[in-house]
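Asker: Structure, please.
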Amino acid sequence: LLKNMNDASARSINGCRVADMILSLVPNPAAYKDTLRFIKVWAKNRGIYSNVLGFFGGITWAILVARTCQLYPNYCASQLVARFFWMYTRWKWGSSCPV
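Answerer: This next block holds a predicted model:
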């Protein structure tokens, strides 16, 4: 798909490709979307949603929510939000994490 595209065009559709890939990796896309929407609104309301300012941006929040959804596949959105905050308040942020 990207073979005959210039760099600007390839970068412009990269976000869509990543979003589609993440969505394909979560067990319950509807719960994922609702949870991500809540987390993004929460972050924006607290002024911590911005790559430019050194905070997490959209893709980072999406990856964190997706991981929560993968670990708890049978949870509904409200349970995922609670588990999201539970998980990441206990996360060892200073340590390295293999990807």
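Asker: Per-residue confidence, residue 2, what does it come out as?
Answerer: What the model reports for residue 2 is a pLDDT of 67.
Asker: ditto for residue 87
Answerer: In this model, residue 87 is scored at 97, pLDDT.
Asker: SS state for it?
Answerer: Secondary structure state of residue 87, per DSSP: H, G, I helix; E, B strand; the rest coil, is helix.
Asker: how close does residue 57 get to residue 43?
Answerer: As defined by C-beta to C-beta, to the nearest Å, residue 57 lies at a distance of 9 Å from residue 43. Glycine gets a C-beta too; all of them are placed from N, C-alpha and C.
Asker: out of these two, which sits in the more crowded spot?
Answerer: residue 43 (18 against 14; other C-beta atoms under 10 Å).
Asker: Check this protein for its longest helix and report it.
Answerer: Assignment by DSSP state H gives helix 7-25 as the longest helix of the chain.
Asker: mind listing what's buried in that helix?
Answerer: Buried residues in helix 7-25, counted by 16 or more other C-beta atoms under 10 Å: residue 22.
Asker: for the record, mean pLDDT for that helix?
Answerer: Helix 7-25 comes out at a mean pLDDT of 86.
Asker: which helices and strands does that helix pack with?
Answerer: Contacts defined by 3 or more C-beta pairs under 8 Å, 6 or more residues apart in numbering; DSSP states H and E place helix 7-25 against helix 29-45, helix 58-71.
Asker: now it against helix 58-71, angle please.
Answerer: Counting by axes from the mean of the first three to the mean of the last three C-alpha atoms, to 10 degrees, helix 7-25 points 20 degrees away from the direction of helix 58-71.
Asker: got the angle between helix 7-25 and helix 29-45?
Answerer: Going by the same axes, to 10 degrees, helix 7-25 makes 120 degrees with helix 29-45.
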